[in-house]
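Peer 1: any chance you could fold what I've pasted below:
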Amino acid sequence: MSLRWIVIFEAIYFFCFIQSAIWGLATVIPGYSRELLISSTGLPCLAEAIVIPLVLAKLFIELNPKKTTRGATKWALISGTAYLFVFWFNYTMQWTAALIEKGVSFVVLYPINAIGFVLTAGGLLVLTLYAAFSSRRTLEKEESMGPDLKRIGAIVTAFGLYFDLIFLLYILFGSVGGYNMWHTFFVYHNVDLWCLALPVAGLPLLFQTRR
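Peer 2: Residues are numbered from 1 along each chain as shown. Okay, here's the model as predicted:
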């Protein structure tokens, strides 16, 4: 029951992003293009406010002691994959906003920015697809054995290392290309920087046997 409360409050938290989504989609600010506001705020917040609450609401229902664990396992895996998808979409849209603001040269002419862009648009997408594949395999072929903790640990660790690498690039090189939306978002207005510590949780799982 405690876990169910955590899940439902998490869903409520993400649903509150709907206010920012509406603001980003409808607001007009002098000096900022509509495309910039939509890509940096409107669409990312809309995805967070819709996708995460929906899957967590279903997980809340399945975390019922009267139901079998298969439903809870299924929706826990789906929820984890949905988180990765939303993070990929959010951070890729922040890069899109930076490109709208600074132009394609912001990535093409600066190798450090190109690395960050590839890690985000490509790396997080690959990790999301791998999580989806792993979840499907667990549900279809490995149901009797339960989730593969090593695989989950690898995904969690890789996700955390993404934040570590992007933040390290900023520490070492600063805002390459001058002031921009990407570094302003990631470093100064990023509520997800707690993910820097995710390898601490993921690495021990790599050494666990399946139970």
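Peer 1: now do the contacts for the most centrally placed residue in the chain.
Peer 2: For the chain, the residue sitting closest to the mean C-alpha position, by C-alpha atoms, centre = their mean, is Phe87 at 2.0 Å. For Phe87, the contacting residues are 124, 159, 192, by C-beta atoms under 8 Å, 6 or more residues apart in numbering. Every residue, glycine included, has its C-beta placed from N, CA and C.
Peer 1: pLDDT and distance to Ile8 added to those residues, as CSV?
Peer 2: CSV is the format used below for the contacts of Phe87 (pLDDT from 0 to 100; distance: C-beta to C-beta, whole Å):
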residue, pLDDT, distance to Ile8
Leu124, 97, 27
Phe159, 97, 23
Asp192, 94, 21
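Peer 1: assign the residue lying farthest from the centre of the chain to helix, strand or coil.
Peer 2: In the chain, Lys66 marks the outermost C-alpha relative to the chain mean, sitting 31.4 Å out by C-alpha atoms, centre = their mean. Here Lys66 is coil, with the state taken from DSSP: H, G, I helix; E, B strand; the rest coil.
Peer 1: for it, phi and psi?
Peer 2: phi -80, psi -10 (degrees, to the nearest 10).
Peer 1: state the pLDDT value of it.
Peer 2: You'll see Lys66 listed with a pLDDT of 82.
Peer 1: find the nearest non-adjacent residue to Arg4, please.
Peer 2: Nearest residue to Arg4, sequence neighbours excluded (C-beta to C-beta, 6 or more residues apart in numbering): Leu63, at 4.9 Å.
Peer 1: need the contact list for the one you found.
Peer 2: Counting by C-beta under 8 Å, 6+ apart, Leu63 has contacts 3-4, 7, 72.
Peer 1: quick check on it: phi, psi?
Peer 2: phi -80, psi 50.
Peer 1: distance of it relative to Asp148?
Peer 2: 21 Å (C-beta to C-beta, to the nearest Å).
Peer 1: rounded mean pLDDT for the helix ranked longest in the chain, please.
Peer 2: Ranked by residue count, the top helix of the chain under DSSP state H comes out as helix 69-102. Taken as a whole, helix 69-102 has a mean pLDDT of 94.
Peer 1: list the buried ones in the host helix or strand of Phe106?
Peer 2: Counting by DSSP states H and E, the element that carries Phe106 is helix 105-108. Judged by neighbour count (16 or more other C-beta atoms under 10 Å), helix 105-108 contains these buried residues: 106-107.
Peer 1: show me what the helix or strand following that helix is packed up against.
Peer 2: Downstream of helix 105-108, the first helix or strand assigned by DSSP H and E is helix 111-117. Where contact means 3 or more C-beta pairs under 8 Å, 6 or more residues apart in numbering; DSSP states H and E, helix 111-117 is packed against helix 105-108, helix 149-173.
Peer 1: how about TSV for the ones you listed, with distance to Arg34 added?
Peer 2: Conversion of these to TSV gives the following (distance: least, C-beta to C-beta, whole Å):
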stretch	distance to Arg34
helix 105-108	20
helix 149-173	27
